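1. Build me a model:
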Amino acid sequence: MVNINLNNKHHSKRQGTQSASSGMNKKYNAVFFGTPDFAVPVMESIIKLPYLDLKAVVTQPDKPVGRKQELTAPSVKTVALDKNILILQPEKIKGAEFEQEFRKLDPDVAIIVAYGKIIPPNLLDIPKYGFLNIHASLLPKYRGASPIQSAILEGEKETGVTLMKIDAGLDTGLRISQKGINIESNDNFKTLHEKLSQLGAELLEESLGDYLANKINPIPQNDYQATMTKIIQKEDGRINWSTSAKHIERQIRAFAPWPGAYCFYNEKRLKIIATTLSNRNDNLEPGKIDSSKELVIVGCGKGNLELKIVQLEGKKPQPISEFRSGHPEFIDSKLE
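-> Predicted coordinates for the structure are as follows:
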């Protein structure tokens, strides 16, 4: 773990939370906004915290999923149903209708994690302690929609989560606390996503009690240090073999499992699922496939990659040795 000091009033976050929560004689009304798997650990922490009374969960409407387009409930809704918590699934949260419903819950604090919609200004000042967001980066770095993918793509050695108070900007609010974690060389989006999800729950447990007890002074972000991320599109997974092997290796990890890093072989989409940087010193032509003993190597703009697992369009993922056996012409071909 990476220790981060935001110069708050307390020194030991966990001890501070315990003392704050044990000294609370009242319960704070809380409303949780969240939708996917990433939000579930935080919601479960909210349920367990003794000084919170979770009045409702606000999540996205059920949506059709998969080839059969079966109507599927968000992960947060599934857990809330099991816990017998009031569930709200408004199509829109802008306007007077939802505002009135939200006011009836009389929230002291609202906590939002990966809800999927921007909170409109008319709601922000309703909870006494505001809307708090857990964002999957060490703000002000990597504001926006794809902080986890961006951290991997940029070759960062560490990332983390930030508990912040939402304002009218995009991830620009006051920071309450942060917690860091190292990015391992084999981390991809899926593994880092799971780690940061749990880390966010830990951060909330450690910090929220002290924040509600006014033992933390939230601090502003330095906008000059801010970086923005974009919404990931399917086309972002397309590999350009003229870029460096290091960049492509990070691209493969950043976009696993979606949208996946892919190219084309014999006019069919070939997803590159796992690679390692090659030790070969010679630079192959970008996209050119070569073999060295049992290894299968692809050339890049700078350096080479050793292919490990691939998936041809319409097929299951295969170790490169199996794929090579079924496609002997693959060696000496060129990926597009």
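2. where exactly do the helices run in the stretch 51-200 of the chain?
-> For the stretch 51-200 of the chain, the helices defined by DSSP state H, counting those that start in this stretch occupy 75-82, 96-104, 121-124, 147-153, 189-212.
3. could those helices be laid out in CSV, adding mean pLDDT and distance to Thr275?
-> For glycine as for every other residue, the C-beta is placed from the backbone atoms N, C-alpha and C. Formatted as CSV, the helices of the stretch 51-200 of the chain follow (pLDDT from 0 to 100; distance: least, Cβ to Cβ, whole Å):
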stretch, mean pLDDT, distance to Thr275
helix 75-82, 95, 30
helix 96-104, 96, 46
helix 121-124, 95, 45
helix 147-153, 98, 14
helix 189-212, 97, 15
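4. which one of those is the most hemmed in?
-> helix 147-153 (a mean of 23; mean count of other Cβ atoms under 10 Å).
5. can you list contacts of it?
-> 135-137, 141-142, 159, 183, 187-189, 192-193, 196, 227, 229, 232, 247, 250-251, 253-255 (Cβ atoms under 8 Å, 6 or more residues apart in numbering).
6. so where is this protein shaky, pLDDT-wise?
-> 1-5, 7-25 (pLDDT under 70).
7. Just the CA trace of stretch 108-124, in PDB.
-> The C-alpha trace of stretch 108-124 is given here as PDB (Å, rounded to 0.1, in the frame of the first residue of the first chain):
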ATOM      1  CA  ASP A 108     -27.400  13.700   5.900                       C
ATOM      2  CA  VAL A 109     -24.900  12.400   3.400                       C
ATOM      3  CA  ALA A 110     -25.100  10.800  -0.100                       C
ATOM      4  CA  ILE A 111     -22.300   8.500  -1.300                       C
ATOM      5  CA  ILE A 112     -21.800   7.800  -5.000                       C
ATOM      6  CA  VAL A 113     -19.700   5.200  -6.600                       C
ATOM      7  CA  ALA A 114     -19.800   4.500 -10.400                       C
ATOM      8  CA  TYR A 115     -23.500   5.500 -10.600                       C
ATOM      9  CA  GLY A 116     -23.300   6.400 -14.300                       C
ATOM     10  CA  LYS A 117     -25.000   9.800 -14.300                       C
ATOM     11  CA  ILE A 118     -23.800  13.300 -13.200                       C
ATOM     12  CA  ILE A 119     -25.500  14.600 -10.100                       C
ATOM     13  CA  PRO A 120     -27.400  17.800 -11.100                       C
ATOM     14  CA  PRO A 121     -26.800  21.000  -9.100                       C
ATOM     15  CA  ASN A 122     -30.300  21.100  -7.600                       C
ATOM     16  CA  LEU A 123     -29.400  17.900  -5.600                       C
ATOM     17  CA  LEU A 124     -25.900  18.700  -4.400                       C
END
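8. buried set for it?
-> Buried residues in stretch 108-124, counted by 16 or more other Cβ atoms under 10 Å: Asp108, Val109, Ala110, Ile111, Ile112, Val113, Ala114, Tyr115, Ile119, Leu123, Leu124.
9. hmm, back to that, output the helices of the stretch 51-200 of the chain as CSV; include the columns distance to Arg269.
-> Converted to CSV, the helices of the stretch 51-200 of the chain look like this (distance: least, Cβ to Cβ, whole Å):
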stretch, distance to Arg269
helix 75-82, 29
helix 96-104, 42
helix 121-124, 43
helix 147-153, 20
helix 189-212, 19
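10. now for those, which one comes closest to Val58?
-> Closest to Val58 of these is helix 96-104 (Cβ to Cβ; 8.0 Å).
11. just checking, what packs against the closest one?
-> When contacts are defined as 3 or more Cβ pairs under 8 Å, 6 or more residues apart in numbering; DSSP states H and E, helix 96-104 sits against helix 121-124.
12. elements contacting the helix it packs on?
-> helix 96-104.
13. What subset of the contacts of helix 147-153 is buried?
-> Those of the contacts of helix 147-153 that meet the buried threshold are 135-137, 141-142, 159, 183, 187-189, 192-193, 196, 229, 232, 247, 250-251, 253-255, by 16+ other Cβ under 10 Å.
14. Okay, strands next: where are they in the stretch 201-336 of the chain?
-> Counting by DSSP state E, counting those that start in this stretch, one finds strands in the stretch 201-336 of the chain at the ranges 228-229, 261-265, 268-277, 289-292, 295-299, 304-312, 318-319.
15. Pick the most buried one from these.
-> strand 295-299 (a mean of 22).
16. how far away is Thr327 from Arg280?
-> For the record, residue 327 is His, not Thr. Applying Cβ to Cβ, to the nearest Å, the value for His327 to Arg280 is 22 Å.
17. can you check Pro317 too?
-> For Pro317 relative to Arg280 (Cβ to Cβ), the value is 25 Å.
18. Comparing those two, which residue is more hemmed in?
-> Using other Cβ atoms under 10 Å as the criterion, Pro317 and Arg280 rank with Arg280 on top: 16 against 13.
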